[in-house]
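**Student:** I'll drop the sequence and a predicted model, then ask my questions.
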Amino acid sequence: MSVLYFFICVTLAQDFKLKYKTATKPVRLFTEEELSRYDGSEEAQPIYMALKGVVFDVSSGQEFYGKDAPYNALAGKDCTRAVAKMSLEPADLTSDTTSLTEDELKSLDSIFEGTYKAKYPIVGYTASRILNDDGSPNKDFKPEDQPHFQIRDEF
Ligand code: HEM
């Protein structure tokens, strides 16, 4: 009887652990304002930029994104549209993908995969990628698509 009791306790404890395991490396969510602090203007700070709502640490690309570097305008923000269109126009420095062409979306995906995912560590996600404006979950968010992101470890 006591053996059976022991097994029930162990099973329940394991179940509890699985359900309530605390995340060791929580996902970091960036508001626009937070992301803007990592725009390369302060040398002691890392440089972050986001593409498709995924925030990358691009500090190792200082020569591209650092202060006075050619692509500094992309740093500290989600500039999905600019990268898709290969544009540095201020109006394109946004995550808005409205009316991008098929070719631009393809080019964006290839840069996202071939350059950013391959080269830079992911440090988090933009809040708007995970949450809709009303705070409800964004059902299109697929963390399992991302490398460096172990969904079981994160949640
Ligand atoms: C005259 C125009 C341009 C030239 C000659 C040029 C040239 C280059 C070169 C040589 C690289 C470096 C490749 C490497 O070393 O790995 C590069 C990377 C890149 N370029 Fe341009 N580029 C131009 C315009 C633009 C514009 C308008 C954008 C706007 C978004 C852009 C976005 C990028 C990005 C995102 C990278 C990847 C940087 C990285 O590896 O982190 N480029 N470009």
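**Tutor:** Right, received. Where do you want to start? Everything numeric in this text was worked out from a predicted model, so none of it was measured.

**Student:** Every contact and neighbour count from this point should use C-alpha atoms.
**Tutor:** Fine.

**Student:** tell me which parts of the protein are close to the ligand?
**Tutor:** 61, 82-83, 86-88, 115 (C-alpha under 6 Å from any ligand atom).

**Student:** Which ones among these map onto helices?
**Tutor:** Judged by DSSP state H, the residues of the chain next to the ligand include 82-83 as members of helices.

**Student:** Show me how to select, in PyMOL, the buried members of the residues of the chain next to the ligand.
**Tutor:** Buried residues within the residues of the chain next to the ligand, by 16 or more other C-alpha atoms under 10 Å, are selected in PyMOL with:
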select buried, resi 82+83+88
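
**Student:** Could I get the residues of the chain next to the ligand in a markdown table, plus columns for pLDDT?
**Tutor:** Compiled in a markdown table, the residues of the chain next to the ligand are given as follows (pLDDT from 0 to 100):
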| residue | pLDDT |
| --- | --- |
| Gly61 | 97 |
| Ala82 | 98 |
| Val83 | 97 |
| Met86 | 98 |
| Ser87 | 98 |
| Leu88 | 98 |
| Thr115 | 96 |
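
**Student:** List just the nearest of the residues of the chain next to the ligand to Thr97.
**Tutor:** The closest of the residues of the chain next to the ligand to Thr97 turns out to be Ala82 (C-alpha to C-alpha; 9.5 Å).

**Student:** Just want the most central residue of this protein.
**Tutor:** Nearest to the geometric centre of the chain sits Val54, at 2.5 Å (C-alpha atoms, centre = their mean).

**Student:** From Asp109, how far off is that one?
**Tutor:** Val54 sits 12 Å away from Asp109, taking C-alpha to C-alpha, to the nearest Å as the criterion.

**Student:** Can you give me the buried ones in stretch 107-126?
**Tutor:** The neighbour-count check on stretch 107-126 (16+ other C-alpha under 10 Å) flags 107-109, 111-112, 116-117, 120-126 as buried.

**Student:** nope, stretch 128-148 is what I meant
**Tutor:** Of all the residues in stretch 128-148, those buried under the rule 16+ other C-alpha under 10 Å are 128-131.

**Student:** Any idea how far that stretch is from the middle of the chain?
**Tutor:** 9 Å (C-alpha atoms, centre = their mean, to the nearest Å).
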